[in-house]
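For reference, the sequence and a predicted model appear below.
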Amino acid sequence: MKEILILGGTQFVGRHLSESLLAESKLQVTLFHRGRTHPQLFPEYRHLLGDRETDSIRQVLRRDWDAVIDFSGYYPQSLSALAQALTGRVGRYLYISSISAYDFEQLPEDTVWTESGPTLPCTPEQAEDRSMFSYGERKAACERALLALPELNPVVFRPGLIYGPYDPTDRFYYWLWRTRHAEKMLVPADLSVPFQWTYALDFAAILRQALLGEQPKESVYQVLTHAPLAFGEMLTRLEEQAQRTVRRVPISPRQMEEHDVKWWQDLPLTTPSPRLFDRSRYQRDFQSPETPFVATLETTWRWYAQQGWPTPKTGLDVEQERILLSKLGIH
């Protein structure tokens, strides 16, 4: 019986992974989490409740583990302390990082990023920061702390923007909701900018292989499950799914600056220039399903329909968008 520890496991990609492991009769799965997100899930598994930033994390030191998969490591000091305490007691340690760990200012905009790309430095103040402003810096520091312990057989995964059922962020959903409900919506003026995303179910399938198969060959994998797709092409696919057309109102970078509209935050998924990532390493080492984008969209669309299409929690709200459209002379 293999002992598997999942730090997290009840939300989003971790939930998809936990669901996929239910059929594995030769696994003893333990979930360490705070009990705040869907605590009723997975009664078949052992649950340890606690906050990894406190001494309650010491519960996981009471046994050895064939593998640990870490969805909830955000702070380098506590992650380093846990990793060091687990040294010699873990067969492999899989860590979920992010492409946000890259230092994008260090290379030209047209760079196709590989796993060897430079990552962000992290100051002591950023390492302790509880805001999202230092998210990338903290993820990069967590990676370095883990990779400094080769005895753990560490493997770092860097996904892009993750979307799909159970997504708590609403960043991709923002555009689904607008496409279904709006008559007109603000969009970046340049719709030709290509993007890449990570589909939650495909990512979970890759993690499952990394967890149960042979030790992965590499220590770092960036996982973008789709080839580049122009933002405008994405919107077209959404309209086809919705079977309706939405009037797209372009807003230029100059107008965005003038009206304090922020890339990524106010218009989720948007950046002023492409960020493209090489996918060859994970494609070589994992049997990835790589579900076509249209199929992922259908699955994601059905899931939100089952949730009753709640108003997105991120991006411009409807009133903010209405005011902006009025300022731009759109009525």
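That came in fine, so what should we check first? Numbers count the residues shown, from 1 in each chain.

so where do the helices sit in the stretch 1-150 of the chain?
For the stretch 1-150 of the chain, the helices defined by DSSP state H, counting those that start in this stretch occupy 13-21, 76-86, 124-128, 135-147.

list the buried ones in the third one?
When you say that, I think you mean helix 124-128. 126-127 (16 or more other C-beta atoms under 10 Å). For the C-beta atoms, the positions are set from N, CA and C on the backbone; glycine is no exception.

out of the helices of the stretch 1-150 of the chain, which comes closest to residue 203?
Checking the helices of the stretch 1-150 of the chain against residue 203 by C-beta to C-beta gives helix 13-21 as the closest, at 5.5 Å.

elements contacting that closest one?
strand 2-7, strand 27-33, helix 200-212 (3 or more C-beta pairs under 8 Å, 6 or more residues apart in numbering; DSSP states H and E).

Would you convert the ones you listed into TSV that also reports mean pLDDT?
Formatted as TSV, the helices and strands packed on helix 13-21 follow (pLDDT from 0 to 100):
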stretch	mean pLDDT
strand 2-7	97
strand 27-33	96
helix 200-212	97
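
could I get these as a markdown table with mean neighbour count and distance to residue 46?
Converted to a markdown table, these look like this (neighbours: other C-beta atoms under 10 Å; distance: least, C-beta to C-beta, whole Å):
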| stretch | mean neighbour count | distance to residue 46 |
| --- | --- | --- |
| strand 2-7 | 22 | 9 |
| strand 27-33 | 20 | 4 |
| helix 200-212 | 22 | 16 |
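
quick check: domain ranges of this structure?
2-164+196-223, 173-195+229-271+292-327 (automatic domain parsing).

out of the ones you listed, which comes closest to residue 282?
Among the domains of the chain, domain 2-164+196-223 comes nearest to residue 282, with 4.5 Å by C-beta to C-beta.

The closest one spans what distance, first to last residue?
The stretch domain 2-164+196-223 measures 26 Å between its terminal residues, going by C-alpha to C-alpha, to the nearest Å.

Quick one: low-confidence residue ranges for the stretch 51-200 of the chain.
Applying pLDDT under 70 to the stretch 51-200 of the chain flags no residue at all.

With adjacent residues omitted, what lies nearest to the most centrally placed residue in the chain?
For the chain, residue 162 is the residue whose C-alpha lies nearest the centre (C-alpha atoms, centre = their mean; 4.0 Å). Closest residue to residue 162 apart from its sequence neighbours, by C-beta to C-beta, 6 or more residues apart in numbering: residue 198 at 4.7 Å.

was I right about that neighbour contacting residue 225?
Yes - under the criterion of C-beta atoms under 8 Å, residue 198 makes contact with residue 225 at 5.2 Å.

Compare neighbour counts for the two and give me the winner.
Between residue 198 and residue 225, counted using other C-beta atoms under 10 Å, the more crowded position is residue 225 (28 against 24).

distance of that one from residue 274?
With the distance defined as C-beta to C-beta, to the nearest Å, residue 225 ends up 17 Å from residue 274.

now for the helices of the stretch 1-150 of the chain, which one comes closest to residue 32?
Of all the helices of the stretch 1-150 of the chain, helix 76-86 comes closest under C-beta to C-beta, at 10.1 Å.

Now do the closest one: distance to the chain's middle.
22 Å (C-alpha atoms, centre = their mean, to the nearest Å).

Report all helices and strands that it contacts.
helix 124-128, helix 135-147.

Out of those, which is the most enclosed?
Of these, the one with the most neighbours on average (mean count of other C-beta atoms under 10 Å) is helix 135-147, at a mean of 22.

how far off helix 76-86 does that one point, in degrees?
20 degrees (axes from the mean of the first three to the mean of the last three C-alpha atoms, to 10 degrees).

What helices and strands are in contact with helix 135-147?
helix 76-86, strand 93-96, helix 124-128, strand 154-159.

picking up where we left off before, mind checking which of the helices and strands packed on helix 13-21 is nearest residue 250?
Per C-beta to C-beta, nearest to residue 250 of those: helix 200-212, 30.0 Å.

who does that closest one touch, helix- and strand-wise?
Partner elements for helix 200-212 (3+ C-beta pairs under 8 Å, 6+ apart): helix 13-21, strand 67-70, strand 93-96, strand 154-159, strand 161-163, helix 293-306.
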